[in-house]
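>>> How does the following fold in three dimensions:
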Amino acid sequence: VFLVFAVMLLLYEIDKRINLTWHKHHHRHWMEGLVSYLFVLFLGPILVGASLFFSSYAMASELFNGLPVMEYAPILTPFALSGLGFAVLYYSVPLEKVRFISALKAGIIAAVLLEIIKYAMFSYIQYFPIYELIYGTLSILMLVMLWVYFAWIIVLLGASFCYCFDNKELIKLDK
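Okay, here's the model as predicted:
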């Protein structure tokens, strides 16, 4: 129960911050917000599990083994899913009407940045074990918290990119 409540509060804050990017200070009706947050909370893991299943099935299947794209599938699949997930987030969360192409561009940028951060954190953990010598097993907790912080910065930065792509005319007029 506590975890569901914490996730609901997190989703509320994400909704609020992304809408502040579009300069919208009013919020959704509480019932509409509750339904959409529960939808994300329960459907999100199902979609992630389904995508993992289908990508694993495609990699294990004899039918797809001869395709040259299967060599790059472990790299491209998380990138494509992240980009599409960010695009849906940037398209559906703002209270403003957003063009899907703007959300897709911002989603791709956010996915690239997220993959860079994941690779950087993995490399840091692999090649610089000094934190483990100093902090022991708590070093992993500290690095995970740092990664979550950077991930949320990327989410909000992607929302800013989406706003800029969607409102090029307004930005040009401000100059």
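>>> Please state the backbone phi and psi of N167?
Torsion angles at N167 (phi, psi; degrees, to the nearest 10) stand at phi -120, psi 40.
>>> Just give the number of residues close to it.
Other residues lying near N167 total 16 when counted by other CB atoms under 10 Å. For glycine as for every other residue, the C-beta is placed from the backbone atoms N, C-alpha and C.
>>> P45 too?
P45 has 10 neighbours, counted by other CB under 10 Å.
>>> ok, which stretches of this protein are strands?
Counting by DSSP state E, the chain has no strands at all.
>>> residue nearest the centroid of it?
F86 (5.0 Å; CA atoms, centre = their mean).
>>> gap between the residue nearest to it when sequence neighbours are not counted and L146?
Nearest non-adjacent residue to F86, counting by CB to CB, 6 or more residues apart in numbering: G107, 3.5 Å away. G107 sits 23 Å away from L146, going by CB to CB, to the nearest Å.
>>> W30 now?
Distance from W30 to L146, by CB to CB: 33 Å.
>>> In terms of neighbours, single out the busier of those two.
Neighbours per residue (other CB under 10 Å) separate W30 from L146, with L146 holding more: 13 against 9.
>>> So what's the residue count around S82?
Neighbour number of S82 under other CB under 10 Å is 20.
>>> Would you agree it is in contact with E115?
Yes: counting by CB atoms under 8 Å, E115 is a contact partner of S82 at 7.1 Å.
>>> Please state the backbone phi and psi of the nearest residue to S36 once chain neighbours are set aside?
Computed as CB to CB, 6+ apart, the closest residue to S36 that is not its neighbour in sequence is R28, at 7.3 Å. Main-chain dihedrals, R28, degrees, to the nearest 10: phi -70, psi 160.
>>> ok, now P129?
According to degrees, to the nearest 10, P129 has phi -80, psi 20.
>>> ok, it - how many residues close by?
For P129, using other CB under 10 Å, the count is 11.
>>> do V40 as well
By other CB under 10 Å, 20 other residues sit near V40.
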